[in-house]
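Peer 1: below is the structure, and that's it, no one-letter string:
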DNA sequence: GCGGATCAC
DNA sequence: TATGGTGATCCGC
């Protein structure tokens, strides 16, 4: 009974923390918190949001339990060793040197670096003026979000020391409420001079003064020896004030001492709660418990905690780091599957525009879904050929979405949010020399070496090994060159038809779970078959495969006899990663390993050792090499084949090719197998065609078998391993998610052709 | 690389 | 009344 009450009380407390009501919030002191909490609890009880918050809170509680369990197992000896390590290492490196090198502290820890975060509202409205002012003090100032900026005015201060008074003089424009904005701007009569000194404090006063004069918005600021402290300082005298921590150890520690850890940037409600469970609320408590912390948290975490407790932070403003990701997401009321697809496309379109603005190409596409219960899920695919256009992104995203739909089928996906994120951007070098796009390669009449940047080269020059190790694609490329002219004369498709086809395919896809009106598209000739029976459609494919395509296209309305049901179960290839052959990311720095053991000798870590372990940390974070396994999430089997061969060739000949943006736009694709121009620009459809071309023989064989054996059982896997190997995985459009793949190992030809 | 989670703004 | 969007990072796998 009592326990249950306690449980309720603590879960309630946790939730209130989640909902953002805690003692830290400014302005809450005078209010009856208990009353407000009660109202909020009552109001949100039972809502999906509330339920989800409870769930999340429960997860945090479980994490805490784990940590406490760990804590209970920590021995005194371990703690002692950790204490020595976490103290001596840091003090040796950060402070112990002080005696030997008096200048160290001032130089390394507390230089005359002044960082000023400014907090104002409606920053975007006045960003230009503001920005202009800030640039005068630090041309490299760093904007953080829309309403904050960090400045390093150290250099400026030096310069300003020698300034004459008139250079430090500004004028107060007294605001006359009788005048409107324009009159006020023009008014020059009501001005008083003010002179600001040369100290950091006075300079910051001046900045705030000028900002207020120009925008009539107040700003708060902090002056401190590093970014973390400066940020916390600026919170001290909000909304219109400033606070300074002098660049001295004592001053810093004094400020830090009783500071609640929640005030520290980077410590959020979850971290706060976890540390609170360890009886750590203030920064000095954090320092006191540093030994325990080092045993319970990860290397990066405890080092971070330790630096916080010592008031250490970044002392330089990093130049605008390169963007790592770009995303867009939308919240909405529940929508249908078809609407989800079109929303997905819309998001891709928005994203493509943003990517274009920054000239970026990304290799990873992530779909984010939040269901009506507020549960968030992300699904990602990384492709070899970077994406940037709406079509390219959508091609990946829609497969991810489809996988998720199929995972819950026949239930619909009940969503309240969808988002698309792209990441893994190509750097300039990669963009410049990006692998030539498959689309360009497949265009009729285009030579692989076509480029404006390099002189034209012959096939031999570019692929010196081609003759001795002639690849399939090289051969095909060569024959295509020869037959191209003739073929294009007869086979050139009508552009309008192309567009029609494309839009038709799009409109069909969202409705695929709805069996009412099915449109089959032949993967060989791309002819659409509306409302035709599966049997009739199968017959059509049979004919296409046996080469009687042209007649069929001219008369696809005639009824066929001798129906043959073709039901191929395609097993996706399980692209098993050999985990043992991968570099061990779990490798711990030597320092930690030392710490975890109970070695009783040599408990004093050497500074040198520590530095070494730091180095090894850095090397651990480097990326792994190219995964040579043709992944099933590669959007097309054709692409993967091209990729492998192309890499081989390009690396052996050291020829690098530029990228061709927007390659999918208005291009005619030529199948490298049958050498015929295809009626589609949709890569997915085109790839299917190539698949079918490549597997004609096998499919034929299967068809024959099914004829002789009777109809293949839909639910059974084909035992013909040839079909499932290597390329079949990508035949199935939803083969994107690693997790989904094993569950979705079967696919009928019916769904495949839809 | 992927997916979940946390955090800041 | 109903509970946002964007970007970064970390951890465990």
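Peer 2: The structure has been received and is ready for your questions. As the structure is a computational prediction, the values presented were derived from the model and not from experiment.

Peer 1: so for the top helix by length along chain A, mean pLDDT?
Peer 2: What stands out as the longest helix in chain A, according to DSSP state H, is helix A:48-73. Mean per-residue pLDDT for helix A:48-73: 93.

Peer 1: need phi/psi at the nearest residue to residue A:281 once chain neighbours are set aside.
Peer 2: Residue nearest to residue A:281 in three dimensions, not counting chain neighbours: residue A:260, with 6.1 Å by CB to CB, 6 or more residues apart in numbering. (Glycine included, C-beta is placed from N, CA and C.) Main-chain torsions, residue A:260, degrees, to the nearest 10: phi -70, psi 140.

Peer 1: do the one 5 residues further on as well
Peer 2: In terms of degrees, to the nearest 10, the main-chain angles of residue A:265 are phi -60, psi 130.

Peer 1: what's the helix or strand for the residue nearest to it when sequence neighbours are not counted?
Peer 2: Leaving aside its chain neighbours, residue A:265 sits nearest to residue A:231 (5.1 Å; criterion: CB to CB, 6+ apart). For residue A:231, the host element (DSSP states H and E) is helix A:227-236.

Peer 1: I'd like the distance between the residue nearest to residue A:265 and DNA strand B.
Peer 2: 6 Å (CB to the nearest atom of the strand, to the nearest Å).

Peer 1: what about stretch A:406-425, start to end distance?
Peer 2: End-to-end distance for stretch A:406-425, by CA to CA, to the nearest Å: 30 Å.

Peer 1: average model confidence for that stretch?
Peer 2: 96.

Peer 1: how about that stretch: buried residues?
Peer 2: For stretch A:406-425, the neighbour count (16 or more other CB atoms under 10 Å) marks A:406-407, A:413, A:415-416, A:418-425 as buried.

Peer 1: also stretch A:55-63?
Peer 2: Using 16+ other CB under 10 Å as the test for burial, stretch A:55-63 gives A:56-57, A:60-61.

Peer 1: report the entries of the residues you listed that also contact DNA strand B.
Peer 2: A:56, A:60 (CB under 7 Å from any atom of the strand).

Peer 1: looking at the buried residues of stretch A:55-63, which is nearest residue A:367?
Peer 2: residue A:56 (21.2 Å; CB to CB).

Peer 1: how close does the closest one sit to DNA strand C?
Peer 2: In terms of CB to the nearest atom of the strand, residue A:56 sits 13 Å off from DNA strand C.

Peer 1: and the closest residue to residue A:278 other than its chain neighbours, how many neighbours?
Peer 2: By the measure of CB to CB, 6+ apart, the closest residue to residue A:278 outside its immediate chain neighbours is residue A:289, 6.4 Å from it. Residue A:289: 18 surrounding residues under other CB atoms under 10 Å.

Peer 1: try residue A:297
Peer 2: Around residue A:297 there are 18 residues (other CB under 10 Å).

Peer 1: if I pick residue A:79, what's in contact with it?
Peer 2: If you count contacts by CB atoms under 8 Å, 6 or more residues apart in numbering, residue A:79 has them with A:291-292, A:295.

Peer 1: so which strand or helix has it?
Peer 2: Per DSSP H and E: residue A:79 is located in helix A:76-90.

Peer 1: ok, back up a step: with respect to residue A:223, which of the buried residues of stretch A:55-63 is nearest?
Peer 2: Nearest member of these to residue A:223, counting by CB to CB, is residue A:60, at 35.7 Å.

Peer 1: residue numbers of the stretch 351-500 of chain A in contact with DNA strand C?
Peer 2: Proximity of the stretch 351-500 of chain A to DNA strand C is confined to A:354, A:416-417, A:419, A:421, A:423 under the rule CB under 7 Å from any atom of the strand.

Peer 1: so which of those sit within strands?
Peer 2: A:416-417, A:419, A:421, A:423 (DSSP state E).

Peer 1: neighbours of the residue nearest to residue A:281, how many?
Peer 2: Counted with other CB under 10 Å, the neighbours of residue A:260 add up to 15.

Peer 1: how much space between it and DNA strand B?
Peer 2: Taking CB to the nearest atom of the strand, one finds residue A:260 at 12 Å from DNA strand B.

Peer 1: distance-wise, check that residue relative to residue A:280.
Peer 2: Residue A:260 sits 10 Å away from residue A:280, going by CB to CB, to the nearest Å.

Peer 1: now do the contacts for residue A:333.
Peer 2: residue A:416.

Peer 1: give me phi/psi at it?
Peer 2: Main-chain dihedrals, residue A:333, degrees, to the nearest 10: phi -80, psi 150.

Peer 1: residue A:418 is in contact with residue A:347, correct?
Peer 2: Yes. Residue A:347 is within contact range of residue A:418, at 6.6 Å (criterion: CB atoms under 8 Å).

Peer 1: can you tell me how far the residue nearest to residue A:278 is from residue A:327?
Peer 2: Distance, residue A:289 to residue A:327, by CB to CB: 37 Å.
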